[in-house]
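[1] model the following, please.
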Amino acid sequence: MEAVAKTKYIRVSPRKVRQVLPLITGRTVEDALNILYFTQKSASGPLAKTVRSAFANLSNIDENKRFDMREAKIKNAYVDAGPTLKRFRPMSMGRAGRIRKRTSHITVVVEYSD
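    Numbering: from 1, shown residues only. Modelled structure (predicted):
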């Protein structure tokens, strides 16, 4: 049984999120949350929140069953680029430099084997 959680429009660039994703893919939910708690990257907070949400979505599938974090595994986790906020900043000699504030869409798939 699988459950999916998506977090959209996170103000962290996809490149920074992709640095953290290999740390948790294929691990149990409990291990992944422990790793994310001690990872000092800006993407670890929103990623941990998405993993918790995906695990909680398992109970929405089957309300009569109790799920254990040690038995649920992260089957797949990926990030897509969201819309980019474009801003301009004054530069030297009267020019304008473009500032791109990137956003991310994070998707986590949690698998629970019976």
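
[2] which secondary element of this structure has the worst mean pLDDT?
    For the chain, counting by mean pLDDT, DSSP states H and E, helix 44-61 ranks last in confidence among helices and strands (a mean of 94).

[3] mind listing what's buried in that helix?
    Neighbour counts over helix 44-61 (16 or more other Cβ atoms under 10 Å) mark Ser44, Pro46, Leu47, Ala48, Lys49, Thr50, Val51, Arg52, Ser53, Ala54, Phe55, Leu58 as buried. Using the backbone N, CA and C atoms, a C-beta is placed for each residue, glycine as well.

[4] out of those residues, who's nearest Arg11?
    Checking these against Arg11 with Cβ to Cβ, the nearest one is Pro46 at 8.9 Å.

[5] contact partners for Ala77?
    Leu21, Ile24, Thr25, Leu47, Val51, Ile106, Thr107, Val108, Val109 (Cβ atoms under 8 Å, 6 or more residues apart in numbering).

[6] the strands in the chain, which residues?
    Ranges of strands in the chain, per DSSP state E, are 2-10, 72-81, 85-90, 96-101, 104-112.

[7] before we move on, back to that, could you export the buried residues of helix 44-61 as CSV, including distance to Asp31?
    Shown next, in CSV, are those (distance: Cβ to Cβ, whole Å):
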residue, distance to Asp31
Ser44, 14
Pro46, 18
Leu47, 14
Ala48, 12
Lys49, 17
Thr50, 16
Val51, 10
Arg52, 14
Ser53, 17
Ala54, 14
Phe55, 12
Leu58, 17
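
[8] name the nearest residue to Tyr112, sequence neighbours excluded.
    With Cβ to Cβ, 6 or more residues apart in numbering as the criterion, Tyr112 has its nearest non-adjacent residue at 4.7 Å, and that residue is Ala72.

[9] returning to what we had before: deepest-packed of the strands of the chain, please.
    With neighbours taken as mean count of other Cβ atoms under 10 Å, the strands of the chain reach their highest mean count in strand 104-112, at a mean of 21.

[10] got the angle between that one and strand 2-10?
    Relative orientation of strand 104-112 versus strand 2-10 (axes from the mean of the first three to the mean of the last three Cα atoms, to 10 degrees): 170 degrees.

[11] show me the contacts for the residue nearest the centre of the chain.
    Central residue of the chain (Cα atoms, centre = their mean): Leu47, 3.2 Å from the mean position. Contacts for Leu47 were tallied using Cβ under 8 Å, 6+ apart; they are Val17, Val20, Leu21, Ile24, Leu36, Ala77, Ile106, Val108.
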